[in-house]
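*Asks:* this is a predicted model, with the sequence first.
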Amino acid sequence: MCVRECLKAVTLALLLCSGAVSAKTATQVEPNTQVPAGNRHYAATGFPDRIVASPAQDAAHGFGVAWRTDATVNTPVLEWVVAGDSPDVGKVTRVTATTAALQTENGGSHHHRVDVTGLAPDTLYLWRVQGKDTWSAWNQLRTAGTTEQPLTVLYFGDTQNKNLSHVSRVLRAGLKAAPDARLSLFAGDLVSGGDGEDDSEWGEWFAAAGWLPQETAVAPAIGNHEYFEEFEDTPQERRVLGKHWPVTFALPRNGTDAADSSTYWFDYQGARFVVLDGTSALDLDTAQAQAKWLDGVLTGNAQRWTIVLLHQPFYSPREGRENTALREHILPVVLKHKVDLVLQGHDHTYGRRGEGQQATPQYVVTVAGPKQYRLSDEARATMAPVGEDTQLFQVLTIDPQHLRYEARTVTGRLYDGFSLDRQADGSKRKTELTEGRIAPRDCARDQTLKGRADRCWE
């Protein structure tokens, strides 16, 4: 592959020098996927694909698995067993999946779900899923341990665009930096397109992710691009949940009734993770319902750390975005329950801020994909550090007394970092991690290849 790409680059350079290729061609905007128009490369087959594990509500005793096949496969099974060192895996337990049909631009498919329960904490399990007369690879996944054990978590902002071309290296870099990560969080907008045009994008998201969705438990927030816009007899648009979202992940079924497939929570080694649906809160008037539900989930929370994940930020670093309903209804609940960390995406820049002089909450906005916006003047005045034109991944390491956060560039350089440390009185102290941190990055371009001055990169 490297040789072929190098030859292509050399050929392009020679053509440019000879005038055979125009400057316009050389600077054309890269397509969102690598799939040529009309190609059905990601059509479902009898082989299981898009296999992804997600945490159960009690992640020490279970996990969920979702996968896809073509429509010839109905109610397949998942097999699991405690992992061992022999290729003789021993006696397996079989669980029959539930199946849902989906029709896309790539044809029909069946999406399957299994909830694996009754497992032991901190135990490595071997599991595989069935297709038509075939099976997936055996995958290994370790259940959550006790509240006293340290935990490593990966967190990614929006992937959304050019997943296979540009996002894949960010996800690989994250796994290399944190090979012991058990959990991967995504802040929404995993893909870009709407219904009827996004199946290939989902295919490329899974291709970019590689083994990450099987070797770690994936917990995504939903973004606005997982919805699509529907126009009726009036010019006003309304958000409709995309058909991929409910069938692509086997997420806990414990959300608010107002957004039952896109809100959920789970406990993992001393931390409670709560996932909200910012799009529904802002555009479908569910902010109050989500706030009430969040209050119930956090009331009586016995976990040492609390982390909230959602797509749209409470404080936006991009010009012209004011997510008022989130701050009016949901933010007071976050403050009431002294949430430690709020992880967000949506604005395709980097920015972190605290709540006044308090150590917590810390609010983070980040981006993994190549689509890059510009920072507002307000963000530069109220957030530090901030950044543009930078693909990032984040690593969280959590133990009973410390929560360490690192944001790293796709090449592995430390961009931001801090530690939250529990004090004897139960309060938290924040310490900035400055050693090795690079300077904040700004966009060096006046406009994108499409001529947009409000963005740094498409």
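*Replies:* Nice, thanks for sending it over.
*Asks:* does D285 belong to a helix, a strand or coil?
*Replies:* coil (DSSP: H, G, I helix; E, B strand; the rest coil).
*Asks:* tally up the residues packed near it, please.
*Replies:* By other CB atoms under 10 Å, the residues close to D285 number 11. Using the backbone N, CA and C atoms, a C-beta is placed for each residue, glycine as well.
*Asks:* low pLDDT regions in the stretch 51-200 of the chain?
*Replies:* 194-196 (pLDDT under 70).
*Asks:* now the helices for the protein?
*Replies:* 2-18, 23-26, 168-177, 199-209, 212-215, 245-248, 278-283, 287-298, 324-325, 331-336, 377-382 (DSSP state H).
*Asks:* could you export the third one as CSV, CA atoms only?
*Replies:* Extracted as CSV, the C-alpha positions of helix 168-177 are listed here (Å, rounded to 0.1, in the frame of the first residue of the first chain):
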residue,chain,number,x,y,z
SER,A,168,-8.4,5.9,11.8
ARG,A,169,-4.9,7.1,12.9
VAL,A,170,-6.4,9.0,15.8
LEU,A,171,-8.1,5.9,17.1
ARG,A,172,-5.0,3.8,16.6
ALA,A,173,-2.9,6.5,18.4
GLY,A,174,-5.3,6.3,21.3
LEU,A,175,-5.0,2.6,21.6
LYS,A,176,-1.2,2.7,21.4
ALA,A,177,-1.1,5.4,24.1
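*Asks:* okay, buried residues for it please.
*Replies:* S168, V170, L171, R172, A173, G174, L175, A177 (16 or more other CB atoms under 10 Å).
*Asks:* do you know how far the third one is from T123?
*Replies:* I take that to be L171. 26 Å (CB to CB, to the nearest Å).
*Asks:* before we move on, what about the last one?
*Replies:* Distance of A177 to T123, computed by CB to CB: 25 Å.
*Asks:* next: the first one.
*Replies:* Here the criterion is CB to CB. By it, S168 lies 30 Å from T123.
*Asks:* ok so, going back, select, out of the helices of the chain, the one closest to D454.
*Replies:* The closest of those to D454 is helix 377-382. By CB to CB, the value is 13.6 Å.
*Asks:* hmm, G354 is touching P361, no?
*Replies:* Yes: assessed by CB atoms under 8 Å, G354 is found in contact with P361 at 7.3 Å.
*Asks:* phi, psi for P252 please.
*Replies:* phi -60, psi 140 (degrees, to the nearest 10).
*Asks:* from the centroid of this protein, which residue is nearest?
*Replies:* F186 (1.5 Å; CA atoms, centre = their mean).
*Asks:* quick one: contacts for the residue nearest to it when sequence neighbours are not counted?
*Replies:* Leaving aside its chain neighbours, F186 sits nearest to P220 (4.0 Å; criterion: CB to CB, 6 or more residues apart in numbering). Listed by CB atoms under 8 Å, 6 or more residues apart in numbering, the contact partners of P220 are L185, F186, A187, G188, L190, F249, V275.
*Asks:* out of these, which is nearest to E204?
*Replies:* The closest of the contacts of P220, once distances to E204 are taken by CB to CB, is L190, at 10.3 Å.
*Asks:* the closest one contacts E226, doesn't it?
*Replies:* Yes: with contact defined as CB under 8 Å, L190 reaches E226; the gap is 7.0 Å.
*Asks:* when the two are compared, which one has more neighbours?
*Replies:* With neighbours defined as other CB under 10 Å, L190 and E226 compare such that L190 has more, 33 against 25.
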